[in-house]
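K.L.:
A predicted structure for the sequence below; I have some questions about it.
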Amino acid sequence: LCFPQRLWRMVESDQFRSIWWSEGGKCVAINEELFKEEVLGRGGPLRVFATQSMKSFLRQMNLYGFTKTQQDFQRSASLPEFLAEEAAASAHSQLLCFYYSPNFKRDHLQLLERCKLRVGHKTRDTAASCLDAELDEKRPR
């Protein structure tokens with residue numbers, strides 16, 4: 001399975017306590033400390049991802065179009081409730097991170113096929129250079 005498919009299965013599974021859908025189902029919530037232990041710390045046949053590094057995992061998410069964001073719930077209109085929600089969100093932000101991709105939403109499995117690996121300019125330029133060099137070698141002289 002590719003990265004987005006493995007991530008989808010994890011978020012949908014009850015097996016992991018460190019990753020789940022946010023309240024609105026538009027974001028993936030990750031308790032990073034628990035995730036490092038529970039998911040990235042796995043070895044052998046239980047290993048989910050090729051990396052054991054949170055930094056590498058987050059780089060992979062970024063390559064598939066995920067961005068770190070704020071929790072996606074509606075804020076209260078009254079000032080006291082809003083301030084209380086902000087305080088609670090601030091306390092949780094030490095533990096939780098939310099990641100958003102327009103192609104990764106609960107109950108919208110069909111969007112997953114749009115979740116593609118983004119190729120940067122350097123990678124494209126290098127690939128094009130390699131292809132040009134390969135074609136030059138194959139040309140009759």
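P.N.:
Done, it's in.

K.L.:
Okay, now the unreliable bits of this structure?
P.N.:
Along the chain, segments meeting pLDDT under 70 span 71-95, 120-141.

K.L.:
show me where it has helices.
P.N.:
3-12, 32-35, 54-63, 79-93, 121-138 (DSSP state H).

K.L.:
quick one: Thr51 from Gly43, how far?
P.N.:
From Thr51 across to Gly43, the span is 12 Å (CB to CB, to the nearest Å). Bear in mind the C-beta positions are built from the backbone N, C-alpha and C, glycine included.

K.L.:
Compare those two (neighbour count), which wins?
P.N.:
Using other CB atoms under 10 Å, the more surrounded residue of Thr51 and Gly43 is Thr51, with 14 against 8.

K.L.:
any idea how far Pro102 is from that one?
P.N.:
Distance from Thr51 to Pro102, by CB to CB: 24 Å.

K.L.:
Now do the contacts for Arg118.
P.N.:
Arg118 makes contact with 63-65 under the criterion CB atoms under 8 Å, 6 or more residues apart in numbering.

K.L.:
Could I have the buried ones of the residues you listed as PyMOL selection syntax?
P.N.:
To isolate the buried subset of these in PyMOL, counting by 16 or more other CB atoms under 10 Å, use the following:
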select buried, resi 64+65
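
K.L.:
what's the closest of the contacts of Arg118 to Gly24?
P.N.:
Comparing those against Gly24 with CB to CB picks out Gly65 as the nearest, at 18.4 Å.

K.L.:
for the closest residue to Cys27 other than its chain neighbours, what are its contacts?
P.N.:
Spatial nearest neighbour of Cys27, chain neighbours left out: Phe98 (4.4 Å); criterion: CB to CB, 6 or more residues apart in numbering. Phe98 is in contact with 22, 27-30, 68-72, counting by CB under 8 Å, 6+ apart.

K.L.:
do Lys105 as well
P.N.:
25-26, 111 are the contacts of Lys105 under CB under 8 Å, 6+ apart.

K.L.:
count of residues packed around the closest residue to Glu38 other than its chain neighbours?
P.N.:
Spatial nearest neighbour of Glu38, chain neighbours left out: Ser18 (4.6 Å); criterion: CB to CB, 6+ apart. Ser18 has 18 neighbours, counted by other CB under 10 Å.
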